[in-house]
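1. Have a look at this prediction, sequence included:
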Amino acid sequence: MQLKPVTGTDLLCSTFCLGGASIGSRLNQEESFRLMDAYAERGGNFIDTAQVYANWLPAIEVSISEKTIGLWMKARKNRNQMLVSTKGAHPFLESMQLSRMSQKDIAQDVEGSLRNLQVDTIDFYILHRDDTHRPVQEILETMNEQVKAGRIRYFGCSNWSTERIIEAQDYAKANGVQGFSGNQMMWSLAEADQTQVVDPTLIAMDSVMKQYHIVSGMPAFPYSSQAQGLFTKWDSGQFSPDDRRISPMYRTAVNRARFDRTKKLASELSRSITEIVLSYLTSQTFHTFPIIGCRTQDQLEASLKAEDLKLTQDQLAFLG
C-alpha cells in the first residue's frame, strides 16, 4: 500500500486502515496477530482502535483491542513502522448519557491507552465523542496540554458535527494552537439514514460535512466504510433486498438504487463490488483513509485490491 500524508501533519498513513474492534475478542490473539501481520506485510501502518473496543462483550478483558495491538507491536518490534492511533473520551457503556470530556477524563484515557499500547507517545489521538455542552476552547486547550506533555502528537475527532468542527478549527487558528488533524465519521457509498441510527451520538457524513472536507482539505477516516458489507451481500444473494438482518439505516430505496448503479459500474470496469465501494471513498478530492473491518485475510486481500482504482468525477456522481 502507498503511504499518503495526513494533511497538516508530518504523519504518513496507508490508504486503508485496519479496523480493530474485533482484535483480541472475536479474533483471539493468534488470529489477531496473523491478520495484523498480513496487513503490515502489505504496507499497512494504521490499525484503528479505541479504549472502549470490545468492552461491550461479556467476559472480555477491558480494552483488549488496544492491549492486543500493544502486545503485537512489542512482539514484532515494529512500533516505529506503525502510526499509533487510538480513540478515547467515550462515555462508559453503562452510562452513555454522561459525557467524559473533562480535562481529567481525557488525561485518564490517554494514560490508559499509553499503558495498553505499550508506547510513550500516541501519534494520532481521536476524541471518540463530543460534548456539545462543553466549549470547544476548553477541549482544544486540554488536547494541546497533552501535546505539550509529549503524550500525543496530533489529535482528531470522531462523531462531531460539522458546526462544532468548524468552531474548533476557527478557535485553533485564531489562538495559534493545534486543531483537529482528521475527522472520523460514519461514511460509505451506502447512505446512512441518520433518523434510523440507533446510537444518536454517531455522526454520519452528509452534504454539509463533505463540502467542509472539500474546502478545508481535512482528511477523513470513515468507519463503516462498507456498510457492514451490504452491497457485497446483496450481490452474492446472501441478503435479500428487504432482509431484516440489514440495519434500518441502510435498508432504503436510495441504497438499493445505489447498489444497482454500483453493480453496473463494476461490470463495466471488470472490478468487484468491494473495489467500487471502497474506491468511491478513496477517489474523493480530499485525502480519505477508509477503515476496513476485515476479520479474515481473504477479506483483507479483497479490500486492498481497491487501492489502484481511481474513479472519475463523473463516475463518482453516477454512483451517488
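-> The structure has been received and is ready for your questions.
2. okay, now residue 218: neighbour count?
-> Neighbour count for residue 218, taken as other Cβ atoms under 10 Å: 23. Every residue, glycine included, has its C-beta placed from N, CA and C.
3. which ones are touching it?
-> By Cβ atoms under 8 Å, 6 or more residues apart in numbering, the contact list for residue 218 reads 7, 8, 165, 169, 180, 181, 182, 183, 212, 286.
4. repeat for residue 224
-> Counting by Cβ under 8 Å, 6+ apart, residue 224 touches 186, 187, 188, 192, 293.
5. same check, this time on residue 128
-> Neighbouring residues of residue 128 by Cβ under 8 Å, 6+ apart: 50, 51, 52, 87, 88, 89, 90, 158, 159.
6. switch to 6 Å and redo it
-> By Cβ atoms under 6 Å, 6 or more residues apart in numbering, the residues touching residue 128 are 50, 87, 89, 90, 158.
7. pLDDT and neighbour count added to the residues you listed, as TSV?
-> Output for the contacts of residue 128, formatted as TSV (pLDDT from 0 to 100; neighbours: other Cβ atoms under 10 Å):
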residue	pLDDT	neighbour count
50	98	24
87	98	25
89	97	28
90	97	23
158	98	23
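8. Restricted to strands, list those.
-> If you go by DSSP state E, the contacts of residue 128 have 87, 158 in strands.
9. out of the contacts of residue 128, who's nearest residue 110?
-> Nearest to residue 110 out of those is residue 89 (Cβ to Cβ; 9.1 Å).
10. isn't the closest one right next to residue 106, touching?
-> Yes: with contact defined as Cβ atoms under 6 Å, residue 89 reaches residue 106; the gap is 5.3 Å.
11. how close does the closest residue in space to residue 311 that isn't next to it in sequence sit to residue 17?
-> Leaving aside its chain neighbours, residue 311 sits nearest to residue 283 (4.0 Å; criterion: Cβ to Cβ, 6 or more residues apart in numbering). The gap separating residue 283 from residue 17 is 17 Å, by Cβ to Cβ, to the nearest Å.
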